[in-house]
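# sequence below, structure please.
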Amino acid sequence: MSAAKLEFKTELKQLLHLITHSLYSHPEIFLRELISNSSDAINKIKFDSLVHEEKLEGNKDWKIKVIPDKAAGTLTVSDNGIGMDCDTIVEHLGTIAKSGTRAFLDALQQEDVKLRPDLIGQFGVGFYSSFMVADKVTVTSRMAGSPKDGVKWESDGQGEFTVEPAEKPTRGTDVILHLKEDAKEFLEPWSLRSLVKKYSDFIEHPVVMDVEHKEGDKTETVEETINAQTALWLRNRSEVKPEEYDAFYQQISNDTEKPARVIHYTAEGKTEFKVLAFIPARKPFSFAYEEPKGLKLYIQRVLIMDSCEGLLPPYLRFVRGVVDSVDLPLNISRELLQQNPLLDRMQKNIVRNVLEALEAMKNTDYDKYVPFFEDLGVMLKEGAARDWSNREKLCELLLVQSTKTEPGKYTTLAVYFGRMPAEQKDIFYLIGENREVIDSSPHLEAYKSKGWEVLLLTDPMDEFVFPSIGEYKGKAFKPVDRADTDTPSHDAPADAEQYKAFLDLLKSKLPEVSDVRLSRRLTDSASVLVADRDALTAHYERLMQKLGRVEGDSKRVLEVNVAHPAVAALKTLHDQDPADPRIEVYGRLLYEQAVIAEGSKLKDPAGFARRLNEVITSSLRL
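Residues are numbered from 1 along each chain as shown. Next up, the predicted model:
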């Protein structure tokens with residue numbers, strides 16, 4: 001074979017411009033692609049040697065070597081894989097997107113071969129990512145045979161390439177990148193080590209680099225392996241020690257604590273993939289300054305996406321781990337997944353296993369589940385409100401306080417449901433800033449008197465979650481601070497008509513309320529404020545005001561308890577003289593105490609104090 005200058009078979013200028021400017025978002029990807037190609041080449045020769053051992057030439061020290069040369073400005077990626085001859089190198093490197101790996105697999109499919117090598121690359125396109133960082137690329141390669149059978153390929157990526165004979169002592173391929181000036185950082189050992197750690201840490205073959213070690217005045221160069229090689233997710237769970245899981249979790253999550261739960265399994269069937277995921281014990285410190293990233297996607301040990309959003313829904317973003325698949329199709333750059341139903345099936349499988357792991361932790365390791373839920377349960381609530389297909393499972397995972405739990409202790413919706421009396425038709429809840437305030441709320445009096453349990457919710461998210469969930473096991477969620485929510489108390493007085501004039505007068509004196517009604521929910525308190533059907537509840541309104549979504553105050557309904565001595569006395573005063581000015585004073589005190597009881601602020605605290613002092617003075621006057 002003599003030296004020859006050839007043109008690329010495709011419109012290389014346009015395609016290379018696409019590859020180097022649009023296809024890859026990060027130039028550093030080139031090293032991942034070249035190492036992947038080298039790994040494929042080694043797997044091919046290992047496979048071929050099962051039948052043709054002579055192809056090994058006694059060289060079975062499998063490795064991929066990264067060689068930076070600052071003086072020459074070159075970076076070499078070398079392997080002792082299957083290598084290429086002249087025809088192969090022209091075919092594979094002379095045509096963009098010619099996939100040597102794909103052709104190799106297609107050939108294998110024609111044979112009845114059970115033990116096939118794991119291949120991950122597209123040699124053509126992955127190789128051309130080199131031109132993002134290099135203005136010239138030289139490839140020297142040789143298949144098994146004589147050292148004189150080597151071939152040298154070279155191109156600047158501008159439309160032509162040269163091929164000529166070359167002598168190469170060993171089998172395999174050397175890809176030499178003549179780096180651009182703005183890519184010289186890839187000659188730094190720390191940069192190469194970092195990129196290998198990020199993208200190729202779990203390639204099964206050693207990735208090595210010469211490293212200088214100084215001891216006193218003596219400098220020694222040592223060939224050092226810079227990738228971990230061992231991928232925990234490819235091992236059987238029984239073979240992995242707990243401390244190995246802990247170390248791997250802390251490495252990928254930057255969490256200082258051990259994980260609360262390990263999820264490690266292989267999914268088989270139409271879609272085959274391996275999962276190694278972790279549920280954190282508490283909210284990692286890193287969540288304070290960065291959004292959780294979710295699962296890493298690998299294809300045969302090679303990192304494809306540092307955070308694959310399609311593998312988990314957003315509400316499970318606290319889960320850390322890796323997924324390794326051989327079935328997912330990738331676009332030409334490997335950086336983005338094509339839309340494919342396989343991804344949906346994978347997500348459903350992973351979500352099911354994560355929810356089962358959480359359920360198991362809640363049932364068998366409750367003391368560990370509680371701090372996890374206190375820190376990250378808001379995300380599960382988010383899921384319960386949005387994920388219709390898993391709503392009931394997510395509801396089972398929620399921890400809630402109620403009128404039948406001690407402060408700081410929790411129950412579950414399943415336990416609440418099991419305690420419901422037959423005559424109770426709905427699940428009742430009350431939302432407020434803290435347990436102490438809502439536990440003593442007048443809204444609860446009728447429910448406590450009857451022995452009906454009410455959920456006491458203090459997370460701002462609860463205002464959005466429970467209305468969105470709607471129901472649990474056929475029982476609707478109903479807030480007890482709404483006028484239309486059923487109460488377990490007696491009906492309004494049979495002679496309610498006699499109170500109409502009294503209530504109308506109070507309403508006329510209290511423009512802050514939409515109506516004044518007789519209460520069926522109060523047993524001890526004199527008054528309470530409730531929201532009408534379409535109005536905002538007090539807590540929801542305060543929350544929206546903090547977010548700047550609502551200005552001013554909405555009007556609520558004032559309910560009065562005619563069985564309370566204060567209301568009864570005020571009614572008597574009205575019957576004696578409807579024009580008595582004290583009716584407005586005392587009526588406003590009923591309203592203001594209801595405002596305080598619901599946790600809202602008084603608009604006129606000085607006026608409230610003055611009116612209260614007048615009542616005290618009057619009652620103590622001899």
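
# any idea which element residue 275 lies in?
Counting by DSSP states H and E, the element that carries residue 275 is strand 273-280.

# list the helices and strands that strand packs on?
helix 242-253, strand 259-267, strand 320-325, helix 341-364, helix 366-386 (3 or more C-beta pairs under 8 Å, 6 or more residues apart in numbering; DSSP states H and E). All C-beta atoms are positioned from the backbone trio N, CA, C, and that covers glycine.

# tell me what angle the last one forms with strand 259-267.
Spelled out, it's helix 366-386. Put simply, helix 366-386 runs at 60 degrees to strand 259-267, going by axes from the mean of the first three to the mean of the last three C-alpha atoms, to 10 degrees.

# also the fourth one?
Relative orientation of helix 341-364 versus strand 259-267 (the same axes, to 10 degrees): 140 degrees.

# which of the helices and strands packed on strand 273-280 sits closest to residue 199?
Using C-beta to C-beta as the measure, strand 320-325 is the one of the helices and strands packed on strand 273-280 that comes nearest residue 199, at 12.8 Å.

# and the residue nearest to residue 614 when sequence neighbours are not counted, what pLDDT?
Of all residues not flanking residue 614 in the chain, residue 585 sits nearest, at 7.1 Å (C-beta to C-beta, 6 or more residues apart in numbering). Here, the pLDDT recorded for residue 585 equals 92.

# show me the shaky parts of the stretch 351-500 of the chain.
Across the stretch 351-500 of the chain, the ranges flagged by pLDDT under 70 are 489-494.

# could you double-check that residue 506 sits in contact with residue 558?
Yes: in this structure, residue 506 is within contact of residue 558 by C-beta atoms under 8 Å, at 7.3 Å.

# common neighbours of these two, please.
Common neighbours of residue 506 and residue 558 (criterion: C-beta atoms under 8 Å, 6 or more residues apart in numbering): 516, 590.

# show me what residue 222 bridges to in the sheet.
residue 211 (DSSP bridges).

# didn't it look like it was pressed against residue 213?
Yes: between residue 222 and residue 213 there is a contact under C-beta under 8 Å: 5.7 Å.

# tell me the contacts of the nearest residue to residue 399 once chain neighbours are set aside?
Once flanking residues are discounted, residue 399 sits nearest to residue 410: 3.9 Å by C-beta to C-beta, 6+ apart. Contact analysis of residue 410 by C-beta under 8 Å, 6+ apart lists 370, 373, 399, 400, 401.

# hmm, residue 255 is touching residue 284, no?
Yes: using C-beta under 8 Å, residue 255 is in contact with residue 284, at 4.1 Å.

# what is the neighbour count of the closest residue to residue 70 other than its chain neighbours?
Nearest residue to residue 70, sequence neighbours excluded (C-beta to C-beta, 6+ apart): residue 187, at 5.0 Å. When neighbours are counted by other C-beta atoms under 10 Å, residue 187 registers 18.

# so residue 187 sits against residue 180, correct?
No: counting by C-beta under 8 Å, residue 187 does not reach residue 180; the two are 11.5 Å apart.

# secondary structure element for the closest residue to residue 305 other than its chain neighbours?
Spatial nearest neighbour of residue 305, excluding adjacent residues (C-beta to C-beta, 6+ apart): residue 297 at 4.3 Å. Per DSSP H and E: residue 297 is located in strand 295-299.

# run the angle between that strand and helix 341-364 for me.
Interaxial angle of strand 295-299 relative to helix 341-364 (the same axes, to 10 degrees): 130 degrees.

# what does the average pLDDT come to for the following helix or strand past strand 295-299?
Using DSSP H and E, the helix or strand that follows strand 295-299 in sequence is strand 302-305. Averaged across strand 302-305, the pLDDT comes to 82.

# deepest-packed of the helices and strands packed on strand 273-280, please.
With neighbours defined as mean count of other C-beta atoms under 10 Å, the helices and strands packed on strand 273-280 peak in mean count at strand 320-325, which reaches a mean of 24.

# given that one, what are its sheet partners and their directions?
Going by DSSP bridges, the partners of strand 320-325 are strand 273-280 (antiparallel), strand 295-299 (parallel).

# out of the ones you listed, flag the one nearest residue 136.
Closest to residue 136 of those is strand 295-299 (C-beta to C-beta; 29.5 Å).

# only alpha carbons, please: show the closest one as PDB.
Coordinates of each C-alpha in strand 295-299 appear next as PDB, following Å, rounded to 0.1, in the frame of the first residue of the first chain:
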ATOM      1  CA  LEU A 295     -30.000   9.600  38.800                       C
ATOM      2  CA  LYS A 296     -27.000   9.300  36.500                       C
ATOM      3  CA  LEU A 297     -27.500   7.400  33.300                       C
ATOM      4  CA  TYR A 298     -24.700   5.000  32.100                       C
ATOM      5  CA  ILE A 299     -24.600   2.900  29.000                       C
END
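
# identify all contacting residues around that strand.
Here strand 295-299 makes contact (C-beta under 8 Å, 6+ apart) with 120, 202, 231, 252, 277, 303-308, 311-312, 319-326, 328, 330, 334, 337, 350.

# and the angle from it to helix 242-253?
In terms of direction (the same axes, to 10 degrees), strand 295-299 departs from helix 242-253 by 100 degrees.

# centre of the chain to strand 295-299, how far?
Centroid separation for strand 295-299 versus its chain: 14 Å, with C-alpha atoms, centre = their mean, to the nearest Å.

# so which bits of it are buried?
Judged by neighbour count (16 or more other C-beta atoms under 10 Å), strand 295-299 contains these buried residues: 295, 296, 297, 298, 299.

# and the fourth one, bridged to which residues?
Read that as residue 298. With DSSP bridges as the rule, residue 298 is bridged to residue 303, residue 324.

# before we move on, what SS does the nearest residue to residue 173 once chain neighbours are set aside have?
Counting by C-beta to C-beta, 6+ apart, residue 173 lies nearest to residue 141, which is 4.1 Å off, once chain neighbours are set aside. Under DSSP: H, G, I helix; E, B strand; the rest coil, residue 141 falls in the strand class.

# contacting residues for residue 141?
83, 84, 85, 89, 150, 151, 153, 168, 172, 173, 174 are the contacts of residue 141 under C-beta under 8 Å, 6+ apart.

# from these, which ones fall inside strands?
Under the assignment DSSP state E, these contribute 150, 151, 153, 172, 173, 174 to strands.

# show me which of those residues is closest to residue 570.
The closest of the ones in strands among the contacts of residue 141 to residue 570 turns out to be residue 173 (C-beta to C-beta; 95.7 Å).

# and for residue 440, the neighbour number?
With neighbours defined by other C-beta under 10 Å, the count for residue 440 comes to 11.

# is it true that residue 151 touches residue 167?
No: using C-beta under 8 Å as the test, residue 151 is too far from residue 167 to be in contact (10.2 Å).

# between the two, who's got more neighbours?
For residue 151 versus residue 167, neighbours defined as other C-beta under 10 Å are more numerous around residue 151 (24 against 12).

# how about the contacts made by the more buried one?
The contact partners of residue 151, by C-beta under 8 Å, 6+ apart, come to 1, 84, 85, 86, 89, 140, 141, 142, 163, 164, 165, 166.
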